[in-house]
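# sequence and predicted model, in that order:
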Amino acid sequence: LIQQDRLDDALQMFDRVIEVCNRLGPGRDYRKILAKALLNQAVIRQKQGDLEASTELFEESLAIHVEVLGEMHPEAAEAYQNIAAIYGIQDRHDDAIHFAYKALQIRRKELGMDHPYTIDCLRYYLERKFCKAAAINMKGLTLAKAGGDYADAVKLFLEALEIYMEMGCEVHPVTASVYENMAAAYISADRLGEGGASRADAPKIYR
């Protein structure tokens with residue numbers, strides 16, 4: 001039904017699966033089927049554009065997976081990846097990074113670092129960290145351009161810079177951008193007499 005784009009019909013079928021599983025009780029196999037049904041419903045809701053309902057279903061499915069299989073079970077990796085992806089779509093960077101890392105830990109332990117599944121997990125984990133750093137950098141830039149608290153702007157730039165450094169981006173255009181934004185904030189703070197930052201600090205940032 002999903003492949004035929006009959007999403008509402010598919011939702012109804014999974015509703016029946018969930019109802020049957022709930023009637024059958026707390027058996028491990030039934031709980032696994034329930035988690036899978038909730039996962040499929042989450043995917044359908046996401047396809048329909050209902051991110052709120054989709055997120056709730058992903059979270060419920062994940063909770064059952066962890067309850068039945070354990071937090072670091074190999075089959076839980078897919079559940080972590082799914083929840084990380086839905087959080088990533090909503091720019092919930094910390095949540096996405098947290099679950100992407102859990103998926104990466106499991107894949108690395110079970111499959112090794114060279115396996116395609118592990119590489120995909122690593123790629124997504126780094127992508128979410130990169131997005132978080134970019135968002136923080138932009139927040140600092142917006143604050144500085146608005147003539148706000150330059151000290152707070154610099155704190156944001158330093159936070160973004162720390163993430164980029166953790167990712168090995170010491171020499172990278174995005175890191176240079178943060179340095180440039182930070183230098184400009186130092187200069188603006190000096191010009192406006194806010195103290196704490198000196199125009200003489202700017203050349204150090206550009207190095």
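It's in.
# got the buried residues for the helix or strand containing Ala37?
In the assignment (DSSP states H and E), Ala37 maps to helix 28-47. Across helix 28-47, burial judged by 16 or more other C-beta atoms under 10 Å covers 30-46. Bear in mind the C-beta positions are built from the backbone N, C-alpha and C, glycine included.
# which residue ranges form the helices in the protein?
Under the criterion DSSP state H, the chain contains helices at 7-24, 28-47, 51-69, 76-89, 93-111, 116-145, 150-166, 173-191, 202-206.
# of the ones you listed, flag the one that's most buried.
Most buried of these, by mean neighbour count (mean count of other C-beta atoms under 10 Å): helix 76-89, with a mean of 21.
# what pLDDT, on average, does that helix get?
Taken as a whole, helix 76-89 carries a mean pLDDT of 90.
# and the angle from that helix to helix 116-145?
20 degrees (axes from the mean of the first three to the mean of the last three C-alpha atoms, to 10 degrees).
# give the other helices and strands that helix 76-89 contacts.
helix 28-47, helix 51-69, helix 93-111, helix 116-145 (3 or more C-beta pairs under 8 Å, 6 or more residues apart in numbering; DSSP states H and E).
# show the average pLDDT along the last one.
Taken as a whole, helix 116-145 carries a mean pLDDT of 93.
# sweet, I'm off.
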